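Participant: With the sequence up front, the predicted model follows.
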Amino acid sequence: MRRYLTKRLGMMLVTLLLITLLTFILMHVVPGGPFTNDKQIPESVLSALRKKYKLDEPLAVQYLRYLGGLARFDFGPSLKYTGKSVNDFIQSGFPFSARLGALTLVFVLLASIPMGVVSALRSGRWQDALLMGAATLGVTIPSFVIATGLLYIFAFRLGWLPTFGVAKWQGYVLPVAALGGYSISFLARLTRSSLLEVMGQDYIRTARAKGLRETRVIIRHALPNALIPVVTVLGPTVANLLTGSFVIEKIFAIPGMGAHFVNSITQRDYTTIMGTTVFYATFLISMVFIVDLFYCLLDPRIRLE
Amino acid sequence: MDMINQRSASRGADSILEIRGLHTSFFTSACEIPAVRGVDIAVRRGECLGVVGESGSGKSVTFLSALRLLASTGRIKRGEIIYGGHDLTKASASRLREVRGGEIAMIFQDPMSSLNPLMTIGAQIGEMIRAHGRSMNKNAVDARTLELLSTVLIPEPEKRLRQYPHEFSGGMRQRAMIAMALACKPSLLIADEPTTALDVSIQDQILKLLRRLQTDTGMSIVFITHDLGAVAELCTRVVVMYAGLVMEESPIEPLFDAPLHPYTRGLLASIPGLSQDRSRRLIPIPGSPPDMSAAPDGCPFAPRCEHARNICLSNPPALTPIVSDGQPDRLCRCWLYAPDAPRNPLNGGFLSKAAQGVES
């Protein structure tokens, strides 16, 4: 176990290092820079700026210096917003993004698994047709369309919920629904097909032959087996919610990290690009790691080696 | 038909489970596939009944129907399952739960897929004990589980009950399945091809275990298999099934000494080792079982039978009592033994002689 954990943590560090390197190279390959502007800036000012942010050094040196900063959890100053550091952006934005993401994940799990179970147990009947019809829509309609539709109905027409902002808890309802739409539909379909397959397995027949109640057969024997594939895709689901949140945060004017992540690229704000990417990459890799650990707890056949 | 009904009525007293006129079909979106087409089988108290037939003969479906454990596409269309004086096809869900596992236990062919991979062996056996004896506390359940694992000769039971099915070998898994089935001291054990998925050496161990358990507990066993060799080791009476019908029913010795039905004859000729003459060639039965979605009009075995006559192809024979060599208690479904059928077998083999023996 300890050996596995050490190995796994080592692999995570290597992955992160590769991500920083690739991002760094790609970022500098793209033409333009943080100080490219419509207005002509005098060469002397430009070179002073470059000197100030140490952009005049060779790229290799810049990269190593950046890594040195990372080791001290210092993402550096923003090149665009004077006086702001990338750490400031993360500190102010991440709590909103994390709250949106966590709420959505909880909502997704609480909605999709029961949907899938009901569908599977009523397969071929109207409940199944209704839920799977909705799930097909959820998978195919992009989140920004869902968001717009929800806004029109619940905020504009009915006026039940605010159109933007998260000052009150009601502000989270529509963003969570819009962001979770795809994942709920995807996981509900997965739960349904997985449970249907498990219900046809020999050990379910054995459980019935033991004289167990049907509820126990489903909850104790069928569900844990059916949820293994669902747990497997939780890692990618978290990634989906994360990237999806950029769009949703913009639509609902949530002051999360998404805006910085997107804007920094168009503005060539080098340190912010690096900072947000590294931060999200670390977060994602850790989530996948946690999901893997959970997977091992659920399935005794998987050994940590 | 009257004779059969009288027979089942007369032996009803010592039967533990009686299947009467069972019809079970599987339904696809397009068609109905009759898997069991009118089966009468009585399992007597304390006996080990072998149920033999090729894959798809309906032997497993018959007994899965008895406990109403059919897949969702299968349905009992007609017939009665008499157990304890009542018809299980009409039993309530709670009565059915009492019977399943508590009074009639079942073990299955593939002990890997038949055990839940996510639960320890101990938990799966304990669950069975608790399902039928709610007052037992944890220690009592654990003690009983250990006792059961020792009964089926699983070494180091304390360690084994904390392990998962994938940590068991095939033979050990089947032992664990048997331990689970014995948990509530059932009066009938239905073993659905329990040795088919195992190595030959392990098969023998499992058969010996089943025989010992039957001697010790006095429970009845239904042993479903396509392996006549295993039947010879374990059973006292045999039912031979084909295409969803009982073709022959007989005590074990006369079945092996003088099989009545051409199909039984074919089965015996196609297995090695039972004949005295070890140099004889194995003779396979030509052809394959009929497509059950279009069941034939006459005898379902007729297309593969070397003795088939016109009547075999057009009229289904009935299951008829046969008295041969002073051995009572035999039934056969074949026109060769029907007294009122035209007597002109296509070729004269042992069967025509056997048929003459019936007349005399």
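Facilitator: Structure's in. What do you need? Numbers count the residues shown, from 1 in each chain, chains lettered A, B, ... in the order given.
Participant: Enumerate every residue touching residue 295.
Facilitator: In the absence of a named chain, chain A is used. Taking C-beta atoms under 8 Å, 6 or more residues apart in numbering or on different chains, we find A:Tyr295 in contact with A:228, A:231-232, A:302. From N, CA and C alone the C-beta is placed, and that goes for glycine too.
Participant: oops, I was thinking of chain B
Facilitator: With contacts defined as C-beta under 8 Å, 6+ apart, the neighbours of B:Ala295 are B:34, B:37, B:243-244.
Participant: circling back: and the contacts of A:Tyr295, which is closest to chain B?
Facilitator: A:Ile228 (8.3 Å; C-beta to the nearest C-beta).
Participant: quick one: the closest one and A:Leu297 touch, right?
Facilitator: No: assessed by C-beta atoms under 8 Å, A:Ile228 is found out of contact with A:Leu297, at 11.3 Å.
Participant: These two: who's more crowded?
Facilitator: Set side by side, A:Ile228 and A:Leu297 show more neighbours around A:Ile228, with 17 against 9, by other C-beta atoms under 10 Å in any protein chain shown.
Participant: Please name the nearest non-neighbouring residue to that one.
Facilitator: A:Asp299 (5.7 Å; C-beta to C-beta, 6 or more residues apart in numbering or on different chains).
Participant: To what extent is the one you found buried, counted in neighbours?
Facilitator: By the measure other C-beta under 10 Å, the count of residues near A:Asp299 is 19.
Participant: Phi first, then psi, for the closest residue to chain A within the stretch 151-300 of chain B.
Facilitator: Residue nearest to chain A within the stretch 151-300 of chain B: B:Tyr164 (4.6 Å; C-beta to the nearest C-beta). For B:Tyr164, the backbone dihedrals (degrees, to the nearest 10) come out as phi -100, psi 160.
Participant: so how many other residues sit close to it?
Facilitator: That count, for B:Tyr164 with other C-beta under 10 Å as the rule, works out to 18.
Participant: For it, give me its contacts.
Facilitator: Contacts of B:Tyr164 (C-beta under 8 Å, 6+ apart): A:300-301, B:117-121.
Participant: Give the burial count for A:Leu9, as a bare number.
Facilitator: By the criterion of other C-beta under 10 Å, A:Leu9 has 11 neighbours.
Participant: Pull out the buried residues from the helix or strand hosting it.
Facilitator: For A:Leu9, the enclosing helix or strand under DSSP states H and E is helix A:2-29. Buried residues in helix A:2-29, defined by neighbour count with 16 or more other C-beta atoms under 10 Å in any protein chain shown: A:12, A:19-20, A:23-24, A:27.
Participant: now, the most widely separated pair of the residues you listed?
Facilitator: Greatest spacing in these, by C-beta to C-beta: A:Met12 and A:Met27 (22.2 Å).
Participant: quick one: average confidence on the helix or strand encompassing B:Thr320?
Facilitator: Remark: B:Thr320 resides in strand B:319-324, with elements defined by DSSP H and E. pLDDT averaged over strand B:319-324 equals 78, rounded to a whole number.
Participant: I'd like the next helix or strand past it.
Facilitator: Helices and strands here follow DSSP H and E; after strand B:319-324, the next one along the chain is strand B:327-333.
Participant: Output the contacting helices and strands for that next one.
Facilitator: When contacts are defined as 3 or more C-beta pairs under 8 Å, 6 or more residues apart in numbering or on different chains; DSSP states H and E, strand B:327-333 packs onto strand B:245-251, strand B:319-324.
Participant: Any figure for the gap between A:Trp169 and A:Phe156?
Facilitator: Remark: distance between A:Trp169 and A:Phe156 (C-beta to C-beta, to the nearest Å) = 20 Å.
Participant: more crowded one of those two?
Facilitator: Summary of the neighbour comparison: A:Trp169 and A:Phe156, criterion other C-beta under 10 Å, with A:Phe156 having more neighbours (11 against 8).
Participant: circling back to that earlier point, can you flag the buried ones in the contacts of A:Tyr295?
Facilitator: If we count by 16+ other C-beta under 10 Å, the contacts of A:Tyr295 have these buried: A:228, A:231-232.
Participant: Can you name the residues of chain A sitting close to chain B?
Facilitator: A:200-203, A:205-214, A:220-221, A:224-225, A:298-301 (C-beta under 8 Å from any C-beta of the partner chain).
Participant: Would you map the strands across chain B?
Facilitator: Under the criterion DSSP state E, chain B contains strands at B:15-27, B:32-44, B:48-52, B:74-83, B:86-87, B:104-107, B:188-192, B:220-225, B:237-242, B:245-251, B:319-324, B:327-333.
Participant: Can you lay out the ones you listed as CSV showing distance to A:Phe35 and mean neighbour count?
Facilitator: CSV is the format used below for the strands of chain B (distance: least, C-beta to C-beta, whole Å; neighbours: other C-beta atoms under 10 Å in any protein chain shown):
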stretch, distance to A:Phe35, mean neighbour count
strand B:15-27, 74, 20
strand B:32-44, 77, 21
strand B:48-52, 87, 26
strand B:74-83, 75, 18
strand B:86-87, 89, 13
strand B:104-107, 78, 27
strand B:188-192, 78, 25
strand B:220-225, 83, 25
strand B:237-242, 87, 25
strand B:245-251, 90, 24
strand B:319-324, 97, 18
strand B:327-333, 96, 19
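Participant: Throw these into TSV and include distance to A:Gly133, thanks.
Facilitator: Below are the strands of chain B laid out as TSV (distance: least, C-beta to C-beta, whole Å):
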stretch	distance to A:Gly133
strand B:15-27	25
strand B:32-44	30
strand B:48-52	46
strand B:74-83	28
strand B:86-87	41
strand B:104-107	39
strand B:188-192	40
strand B:220-225	43
strand B:237-242	45
strand B:245-251	45
strand B:319-324	51
strand B:327-333	51
